[in-house]
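Q: here are the coordinates; sequence isn't available:
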Ligand code: ADE
Ligand code: ZN
């Protein structure tokens with residue numbers, strides 16, 4: 001079977017990956033040591049064994065715990081560089097990296113420490129790995145809209161290092177419309193806009209992300225398949241959906257990969273893409289997501305080509321650069 005090899009060597013773009021979710025236990029322990037901090041687990045193995053989740057919130061609590069070792073610009077650089085090298089090994093040619101400043105400012109860090117560390121790794125990736133990388137700042141939706149405005153304000157001096165604004169964290173109970181004003185402001189400032197919607201939340205959250213926040217892509221969006229009118233809208237407007245199969249498996253959005261609806265989304269004509277979300281926590285980078293999902297669902301080489309094309313088409317690289325990739 002030649003499909004796994006094709007999936008691995010196929011050029012691809014990653015559009016949904018939280019950099020804090022790429023922090024592997026080995027690096028977490030190393031950064032803790034460097035910063036004179038401790039990790040509340042005896043070793044790497046016992047930490048990895050704790051990565052069992054029943055839902056999004058259980059994951060977010062452990063993910064937040066892991067971010068406590070990040071203290072300096074070099075820490076953010078090292079974490080990002082490790083991800084970029086790993087992505088390049090999977091033939092990722094372009095990546096749009098999510099990060100949340102509010103997690104780190106909540107621990108007393110300044111926004112510029114975070115963004116400058118991430119950005120320096122992105123510059124080095126272009127030069128040393130031939131991998132283009134851009135940054136999307138995600139507001140934390142469990143916090144208030146006022147706090148999102150503060151995060152945006154603090155990032156504005158570094159505006160040129162960012163391509164877009166997103167919305168992440170606990171979805172249920174925090175619908176997109178809670179952030180209508182701050183997304184309008186970000187839009188006026190020229191940011192590209194995305195939001196997590198329809199991961200655990202209902203189709204109504206996808207509608208409001210599109211119609212109220214006016215996002216260009218939906219992160220996850222797997223719950224859209226419950227609403228035929230929404231499926232028609234997503235197909236008509238060619239709205240990209242950044243699907244994360246192993247994430248959905250680990251957070252029990254679907255009981256098994258064989259029950260995932262990625263195949264149904266493609267058959268419905270939706271512009272789906274495959275992404276890793278939080279690879280250190282969900283046990284797999286891009287090619288793991290591709291090969292395992294293709295095996296479980298029996299997807300085809302034609303669908304692999306479709307997903308690769310979708311990933312570049314849905315990206316925020318400019319139109320002239322897209323032609324080079326395709
Ligand atoms: N933050 C990191 N990963 C996330 C996910 N899958 N959903 C919402 N917020 C997140
Ligand atoms: Zn995500």
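A: Good, I have the coordinates. Since the structure is predicted, the reported quantities are computational estimates derived from the model, not experimental observations. Ligands and ions are numbered 1, 2, ... in the order given.

Q: CA atoms for contacts and neighbours, from now on please.
A: Fine.

Q: and the residue in the chain positioned nearest to ligand 1, backbone torsions?
A: Of all residues in the chain, residue 169 sits closest to ligand 1, at 3.4 Å by C-alpha to the nearest ligand atom. Torsion angles at residue 169 (phi, psi; degrees, to the nearest 10) stand at phi 90, psi -160.

Q: and it, what pLDDT?
A: For residue 169, the pLDDT comes out at 98.

Q: and what of residue 117?
A: pLDDT, read off for residue 117, is 98.

Q: thought it was touching residue 76?
A: Yes. Between residue 117 and residue 76 there is a contact at 4.9 Å, judged by C-alpha atoms under 8 Å.

Q: And those two? Which one has more around it.
A: For residue 117 versus residue 76, neighbours defined as other C-alpha atoms under 10 Å are more numerous around residue 76 (23 against 20).

Q: Pull the residues that contact the helix or strand hosting that one.
A: Using DSSP states H and E, residue 76 maps to helix 73-89. Here helix 73-89 makes contact (C-alpha atoms under 8 Å, 6 or more residues apart in numbering) with 19-20, 22-23, 27, 31, 70, 113-114, 116-122, 125, 129, 131, 285-286.

Q: Apply 7 Å and report the result again.
A: Residues outside helix 73-89 that contact it (C-alpha atoms under 7 Å, 6 or more residues apart in numbering) are 19, 22-23, 31, 70, 113-114, 116-118, 120-121, 125, 129, 131.

Q: before we move on, what about stretch 252-269?
A: Contacts with stretch 252-269, where a contact means C-alpha under 7 Å, 6+ apart, come from 54, 55, 200, 235, 248, 249, 272, 293, 296, 297, 299.

Q: where does residue 311 land on pLDDT?
A: 98.

Q: quick one: contacts for it?
A: Here residue 311 is in contact with 12, 13, 14, 273 (C-alpha under 7 Å, 6+ apart).

Q: Get me the contact residues on the stretch 1-150 of the chain for ligand 1.
A: With C-alpha under 6 Å from any ligand atom as the criterion, the stretch 1-150 of the chain meets ligand 1 at residues residue 18.

Q: And the stretch 201-326 of the chain, by the same measure?
A: So the stretch 201-326 of the chain meets ligand 1 at 277, 278 (C-alpha under 6 Å from any ligand atom).

Q: In the stretch 201-326 of the chain, mark out all the helices, start to finish.
A: Counting by DSSP state H, counting those that start in this stretch, the stretch 201-326 of the chain has helices at residues 203-208, 228-236, 245-250, 262-267, 279-282, 286-297, 301-313, 319-325.

Q: Many thanks, I have nothing further to ask.
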